[in-house]
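could you look at this predicted model? Sequence included:
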Amino acid sequence: MAILADNTETLQQTANEQGAVPGEPPLRADRVTKEYLNGARVALDNISIDIKENQITALIGPSGCGKTTLLRLMAGLEYPTYGNVMVYGEPVLGPGPERGMVFQAYTSFPWLTVRENVQHGMEIQGVSKDEQRDKADHFLKLVHLDEFANAYPAELSGGMKQRVAIARTLAQGPQLLLLDEPFGALDAQVTWEMEEMAVDIIERESKTVVLVTHDIQEAIYLADRILFFTRQPGKIKADMPMEFKKGRRFAKKEDLLVEPGYVEMEKRLYTMMREEIQGRIG
Amino acid sequence: MNDTQQSISGSEAVTNASLDGEAPEKGPVFKQPKERFLGLRGSVDRTQSMALGLLGVVAFFVAWEVAHILTPENQQKFLPSVGQVVGKITYLFAEKGYVADVAKSVYRIYVSFFFACLFAVPLGLFMGSFVKLRALINPTVGGLRYLPAASFVPLLLVYFGPTDFAKLALLFLGCVFFLTALILDNVEAVPKELVESAQTMGAGRWHIVFKVTFRSAAPQILDSMRNMIAVSWTYLVIAEIVAATDGIGAVMMRGARFLHVDIIMGGILTIGVLGVLTDISFRIAGHFLFPYMRVRR
Ligand SMILES: Nc1ncnc2c1ncn2[C@@H]1O[C@H](COP(=O)(O)OP(=O)(O)OP(=O)(O)O)[C@@H](O)[C@H]1O
Ligand SMILES: [Mg+2]
């Protein structure tokens, strides 16, 4: 069985390296409510959560429960109606390169080659040309796209486009990765490959990740902790650390399936999902 | 992950090995069902499309020639033959310094259009990028579109007299407001995700306006320009009627005074050809400016 790392002891170390305020979580939602249509629609209802350093936290819940909304608040693309979102204790007042985001839709710039796309964030930050090239090489290799460096996004398949987006976001050097159903548009086999790649990358680059997904297996496979949302208005129904994984991440998805505790976790999540969906119908 | 890939290709090799020996013969050449001329989602390759286009042009001239032949003899000077018109154009070039008139008209179109773009592109780009600016300006600019350009002719004559400037101004006014509106549409059609992903990369406002929004909308903006410069050509004659001294429109007006229908039609034909050439040059520019648009899956 391939176990990449026990990531518990590296947590504090990285936080201090990044000059983080001790004791402040990388991301915190403090009594956050988000209303739309002048209060006629409540997307998020008084949510408080702390995201833990170097953990992968999955947000899962029925469609329309406010997962994307919460991620966009964290990214600073929208503001909460009540409450605050904080990054290392600082309130979020807008987007910033320290919070990299991968969108569900393909967002590569079609006028740039794959390499130029990956370098774009660094260009914005004024990184030297040499460093841009080196880092782009590194991240393109990481997502297995080094052979397509000079292709335009239009020449790529859906999975490849999403890998460009991931490489591009990593290359901007974020402390936090916000992923909104990054594999949602891909077919099952590609998704599976991408999930394993994601584990590999996150292990190497040691990042704090918030992952929105609607896929229960994906959440269990990738996450160190799952936050389950109720249907609209979104509240946190359950906060579940993946204790059965004992802090390990698995290079191969099938290795997880035979872990004691996996089946129970999956069953629990399916049951919760059914409760939420039936609640809407009944 | 590498392990997995290797083992997959390994098992493929085994399957192939067990099949080797006589590889089965290829199936018969597939007979595609006959494609209708007006088939939905039918295909047309490059040569076919050129041939069809040429056929359309030839058909047009044949229809013209036939119409000429069918016209009673004593009326034929009102509908000269293709040959007569082309002959007249050659005559104009050879004897009447028509080149200078054509050059003057081309100069007027391009210079006025250049200034229209200089005005419309930044305005459309900024209005599309900054909502408040749009709220401030767009109702006015949008309204100005409804003023017929020809109605500016008397005004421009009073202001500037029969000068070159008056003609340039009319051509400018004829397309600038429409061009702004089209470019605003192009800019607003830029996917919101592109802008947002640039924001999460730490891009500032101006970076987003020029390096994301503009770059993203650029191919469509060029298309809008191509369509609007066509409209500009249609205003040429109106512009050059004003105290005509030179230009294709002036030549045509002089022809009209002496009922020289062949000269008028020669002028129309010249404008048509120049318009088509302009269109083609914009397309070629797009081909080279936006190589990524050529990749279509
Ligand atoms: N701009 C908006 N205006 C009005 N309502 C909105 C807006 N954005 C989101 N909503 C509403 O907020 C709720 C939560 O939306 P959100 O996109 O966060 O859901 P989600 O959990 O990401 O769903 P899915 O899994 O389908 O992507 C939905 O009911 C949606 O209709
Ligand atoms: Mg969503």
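Noted; the coordinates are in hand. Ligands and ions are numbered 1, 2, ... in the order given.

all helices of the stretch 1-150 of chain B, in order?
B:2-19, B:46-70, B:82-95, B:98-129, B:131-144 (DSSP state H, counting those that start in this stretch).

got the contact list for stretch B:33-51?
Applying CB atoms under 8 Å, 6 or more residues apart in numbering or on different chains, the external contacts of stretch B:33-51 come out as B:Leu52. Bear in mind the C-beta positions are built from the backbone N, C-alpha and C, glycine included.

would you mind measuring the gap between the ends of that stretch?
One end of stretch B:33-51 sits 23 Å from the other (CA to CA, to the nearest Å).

let me see the mean pLDDT of that stretch.
Stretch B:33-51 carries an average pLDDT of 81.

got a list of what A:Ala43 touches?
Here A:Ala43 is in contact with A:Lys34, A:Glu35, A:Tyr36, A:Gly66, A:Thr69, A:Gln232, A:Pro233, A:Gly234 (CB under 8 Å, 6+ apart).

from A:Leu71, how far off is it?
A:Ala43 is 12 Å from A:Leu71, where distance means CB to CB, to the nearest Å.

circling back to that earlier point, for the contacts of A:Ala43, which one is nearest A:Asp180?
A:Thr69 (10.3 Å; CB to CB).

you'd agree the closest one is in a helix?
Yes: assessed with DSSP: H, G, I helix; E, B strand; the rest coil, A:Thr69 lies in a helix.

number of nearby residues for it?
The tally of other residues near A:Thr69 (other CB atoms under 10 Å in any protein chain shown) stands at 22.

gap between it and A:Gln175?
From A:Thr69 to A:Gln175 the distance is 22 Å (CB to CB).

picking that back up, can I get the helices of the stretch 1-150 of chain B in TSV including mean neighbour count?
Below are the helices of the stretch 1-150 of chain B laid out as TSV (neighbours: other CB atoms under 10 Å in any protein chain shown):
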stretch	mean neighbour count
helix B:2-19	9
helix B:46-70	11
helix B:82-95	16
helix B:98-129	19
helix B:131-144	13
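
let me have the ones you listed in TSV, adding distance to ligand 1 as columns.
Listed next are the helices of the stretch 1-150 of chain B as TSV, based on distance: least, CB to the nearest ligand atom, whole Å:
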stretch	distance to ligand 1
helix B:2-19	30
helix B:46-70	43
helix B:82-95	60
helix B:98-129	20
helix B:131-144	15
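
taking chain A, what residue is nearest to chain B?
The nearest approach of chain A to chain B comes at A:Pro97, 3.1 Å away (CB to the nearest CB).

point out where chain A drops to low pLDDT.
A:1-22, A:280-282 (pLDDT under 70).

thought B:Lys104 was touching B:Gly247?
Yes: the pair B:Lys104 and B:Gly247 passes the contact test of CB atoms under 8 Å, sitting 4.7 Å apart.

so who does the closest residue to B:Ile268 other than its chain neighbours touch?
Spatial nearest neighbour of B:Ile268, excluding adjacent residues (CB to CB, 6 or more residues apart in numbering or on different chains): B:Met252 at 7.6 Å. B:Met252 is in contact with B:Val237, B:Ile263, B:Ile264, B:Gly267, B:Ile268, counting by CB under 8 Å, 6+ apart.

now B:His287, nearest residue through space, not along the chain?
Spatial nearest neighbour of B:His287, chain neighbours left out: B:Arg294 (7.0 Å); criterion: CB to CB, 6+ apart.
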